[in-house]
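Visitor: Provide a 3D model corresponding to the input given below.
(4 chains)
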There are 2 protein chains.
Amino acid sequence: MATNATRARALSAREERAWDGYRRMQSLLSSQLNRQLIQETGLSHADYAILSALLAAPDHRLRGLALRCEVQWEKSRLSHHLGRMQTRGLVLREDCVEDSRGAVFRLTEAGRAAVEAASDDRVAAVRTYLLDLLTPDQLDALSEISGAVLARLAQDDPHRRAVAELARGV
Amino acid sequence: MATNATRARALSAREERAWDGYRRMQSLLSSQLNRQLIQETGLSHADYAILSALLAAPDHRLRGLALRCEVQWEKSRLSHHLGRMQTRGLVLREDCVEDSRGAVFRLTEAGRAAVEAASDDRVAAVRTYLLDLLTPDQLDALSEISGAVLARLAQDDPHRRAVAELARGV
DNA sequence: AAGACCCGGTTGACGCGTCAACCATAACGC
DNA sequence: GCGTTATGGTTGACGCGTCAACCGGGTCTT
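Guide: Got it, this is the predicted structure:
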């Protein structure tokens, strides 16, 4: 390690400014959104991701694998988190009939109520701290930037390729 | 909770696209950069932040408080993390003479070597997965977007105001 | 000078995320 | 059919991040 042959070009002022801004924004924005969500709804960003995936699913049930694809988590993370959510009564684990090693997770009534209550706060917060601050041009610029970055990331990880392409509408 | 009077406007297609892209990018990009940094240098993103702040400081020493301002962490997080870094030999804790409740943290020789070795990989990774993918216009757009968001965040938290203003060159 | 309050920093508990090991079942090769 | 391998999911250990409580030394008021 640390024996790379090529020395990386230093950052230009413009690059420095962009990177520093992005870094700062991402760190503060995500903590702000997460804190606010937890405070107002009792759900973490992670909870919300799971619950809204389940909400969108037919019959509010999803195979573990499908859920994993949806949120792009490691399987152990998903398992741990679903365990905790189950004890909180947000979610229910059932056995899978097609594949008896599999598991199916279902939204409980409490879980459904929680996401639905939260989604509004969520949208409002995202508006307040991001979307409403940007011009239409900036919104588009942001989409294009993320598109480029996601495409590059997908290049390294074939697993993610489908996801990124889907996001770009390919 | 969840009893807000006003229902938030739903997202337009453009907003939806921007938010979804940003969310995905931020999640995958930060995990990619962090994983890569750890793998190649043995330092986490958090370690790197601390060490580079110390490296930039005169005499490679910084008051706990100053360090906290620099990285914008909760004090307990800083304390815990510095404790771990100390046992790893990256950093050294000394008593403060001006204020005997205070603490001063110093970069060890090993710590200095580690950051310096890492900084190159760091820059290369940031180029690969972000900066080199963007046009100059996009770099500027990113700076402006983060500027707007940071300004909004600062508005809520007076503590952060100085930092954001500094970042915008006010 | 004494008490109240403030502030820098630490501690402990707890939920989270990752890694590696593991278990059970399914799919494959023969 | 039987052994092998691949796969869906769980578990345990460990480092991390947050919250709330705490400690001890400054500071301010009177």
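
Visitor: helix, strand or coil for the residue nearest to A:Ser44 when sequence neighbours are not counted?
Guide: Nearest residue to A:Ser44, sequence neighbours excluded (CB to CB, 6 or more residues apart in numbering or on different chains): A:Ile38, at 5.6 Å. All C-beta spots, glycine's among them, are computed from the backbone N, C-alpha and C. State at A:Ile38, reduced to three classes by DSSP: H, G, I helix; E, B strand; the rest coil: helix.

Visitor: Quick check, A:Ile38 in contact with A:Gln32.
Guide: No - because the distance of 11.1 Å does not satisfy CB atoms under 8 Å, A:Ile38 is recorded as not touching A:Gln32.

Visitor: Packing partners of the one helix or strand A:Ser30 maps to?
Guide: In the assignment (DSSP states H and E), A:Ser30 maps to helix A:13-41. Applying 3 or more CB pairs under 8 Å, 6 or more residues apart in numbering or on different chains; DSSP states H and E, one finds that helix A:13-41 makes contact with helix A:45-56, helix A:109-129, helix B:13-41, helix B:136-156, helix B:158-168.

Visitor: The third one close to DNA strand C?
Guide: Okay, so that is helix B:13-41. Yes - counting by CB under 7 Å from any atom of the strand, DNA strand C has neighbours in helix B:13-41: B:Ser31, B:Arg35.

Visitor: I'd like to know if that helix reaches DNA strand D anywhere along the stretch.
Guide: No - under the criterion of CB under 7 Å from any atom of the strand, DNA strand D is not reached by helix B:13-41; the shortest gap measures 9.2 Å.

Visitor: ok, now stretch A:46-57?
Guide: No - using CB under 7 Å from any atom of the strand, no contact is recorded between stretch A:46-57 and DNA strand D, whose separation bottoms out at 12.3 Å.

Visitor: Ok, stretch A:62-78 next?
Guide: Yes - part of stretch A:62-78 sits near DNA strand D under the criterion CB under 7 Å from any atom of the strand, namely A:Arg63, A:Gly64, A:Leu65, A:Arg68, A:Lys75, A:Ser76, A:Leu78.

Visitor: now the end-to-end length of that stretch.
Guide: The separation between the terminal residues of stretch A:62-78, taken as CA to CA, to the nearest Å, is 13 Å.

Visitor: buried ones in it?
Guide: Going by neighbour count (16 or more other CB atoms under 10 Å in any protein chain shown), the buried part of stretch A:62-78 is A:Leu62, A:Arg63, A:Gly64, A:Leu67, A:Arg68, A:Glu70, A:Trp73, A:Leu78.

Visitor: Quick check: bridge partners of the spatially closest residue to the third one that is not a sequence neighbour?
Guide: The one in question is A:Gly64. Sequence neighbours aside, A:Ala103 is the residue nearest to A:Gly64 in space, at 4.7 Å (criterion: CB to CB, 6+ apart). A:Ala103 forms beta bridges with A:Asp95, as assigned by DSSP bridges.

Visitor: ok, now which ones touch A:Ala103?
Guide: A:Arg63, A:Gly64, A:Arg93, A:Glu94, A:Asp95, A:Cys96 (CB atoms under 8 Å, 6 or more residues apart in numbering or on different chains).

Visitor: how does it look with 6 Å?
Guide: A:Ala103 sits next to A:Gly64, A:Arg93, A:Cys96 when contact means CB atoms under 6 Å, 6 or more residues apart in numbering or on different chains.

Visitor: Turn those residues into a markdown table, including pLDDT and distance to A:Ala118.
Guide: Formatted as a markdown table, the entries for these read as follows, by pLDDT from 0 to 100; distance: CB to CB, whole Å:
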| residue | pLDDT | distance to A:Ala118 |
| --- | --- | --- |
| A:Gly64 | 96 | 23 |
| A:Arg93 | 96 | 22 |
| A:Cys96 | 94 | 28 |
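
Visitor: what angle separates the helix holding A:Ser30 from helix B:136-156?
Guide: What separates the directions of helix A:13-41 and helix B:136-156 is an angle of 40 degrees, with axes from the mean of the first three to the mean of the last three CA atoms, to 10 degrees.

Visitor: Name the residues of helix A:13-41 that are buried.
Guide: Under the neighbour-count criterion of 16+ other CB under 10 Å, helix A:13-41 has A:15, A:17-19, A:21-29, A:32-34, A:36-37, A:40-41 buried.

Visitor: ok, residues contacting stretch A:77-90?
Guide: Taking contacts as CB under 6 Å, 6+ apart, the residues outside stretch A:77-90 that touch it are A:Arg68, A:Val91, A:Arg93, A:Phe105, A:Thr108, A:Ala110, A:Gly111.

Visitor: got a markdown table for these, with distance to A:Arg127 too?
Guide: Putting the contacts of stretch A:77-90 into a markdown table (distance: CB to CB, whole Å) gives the following:
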| residue | distance to A:Arg127 |
| --- | --- |
| A:Arg68 | 29 |
| A:Val91 | 28 |
| A:Arg93 | 35 |
| A:Phe105 | 30 |
| A:Thr108 | 29 |
| A:Ala110 | 27 |
| A:Gly111 | 25 |
